[in-house]
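Participant: can't give you the sequence, but here's the structure:
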């Protein structure tokens with residue numbers, strides 16, 4: 001009986017640790033769900049009800065996939081267009097749990113900023 005309760009508490013702590021830093025507004029990274037083929041899966045993020053605060057409290061992958069940290073595109077940048085080649089690169093690059101610093105055809109792999 002104690003083991004399931006302990007496992008549940010551990011999972012809650014891990015979820016809270018995955019939230020974006022409180023001192024970053026606007027945030028510099030977000031969570032994306034990457035499928036086994038490298039495709040993007042739907043991501044559900046809990047956000048504050050504010051147009052000014054763009055941080056995400058916690059993100060989950062209800063349809064499956066691996067939670068991966070992805071940098072948010074800087075001003076003037078756009079995410080690379082979806083293609084089979086991008087999925088292959090993303091599948092290999094996401095194995096460490098992050099796409100920070102990874103490139104596709106010379107462009108950084110990033111996510112579009114969330115609109116308020």
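Facilitator: Received, thanks. Just so it is clear, the model here is predicted, and its values are computed rather than measured. Numbering: from 1, shown residues only.

Participant: against residue 105, how distant is the residue nearest the centre of the chain?
Facilitator: Centroid-nearest residue in the chain, with Cα atoms, centre = their mean: residue 31, separated by 1.1 Å. Distance, residue 31 to residue 105, by Cβ to Cβ, to the nearest Å: 24 Å. Glycine gets a C-beta too; all of them are placed from N, C-alpha and C.

Participant: just residue 47 next, same as before
Facilitator: On the measure of Cβ to Cβ, residue 47 and residue 105 end up 31 Å apart.

Participant: so which of those two has more stuff around it?
Facilitator: residue 47 (15 against 10; other Cβ atoms under 10 Å).

Participant: settle this for me: the more buried one is touching residue 56, isn't it.
Facilitator: Yes. Counting by Cβ atoms under 8 Å, residue 47 does reach residue 56; the two are 5.3 Å apart.

Participant: tell me, what's touching the two both at once?
Facilitator: residue 114 (Cβ atoms under 8 Å, 6 or more residues apart in numbering).

Participant: same question for stretch 50-63, mean pLDDT?
Facilitator: Mean pLDDT, computed over stretch 50-63, is 86.

Participant: report the buried residues of it.
Facilitator: Under the neighbour-count criterion of 16 or more other Cβ atoms under 10 Å, stretch 50-63 has 54-56, 59, 61 buried.

Participant: low-confidence ranges, this structure, go.
Facilitator: Residue ranges of the chain with pLDDT under 70: 1-24, 116.

Participant: residue boundaries of the strands in it?
Facilitator: Taking DSSP state E as the criterion, the chain carries its strands at 29-34, 40-41, 44-46, 58-60, 66-71, 103-104, 107-108.

Participant: quick one: the helices in the chain, in order.
Facilitator: 2-17, 84-93 (DSSP state H).

Participant: surely the residue nearest to the centre of the chain meets residue 70?
Facilitator: Yes. Using Cβ under 8 Å, residue 31 is in contact with residue 70, at 7.2 Å.
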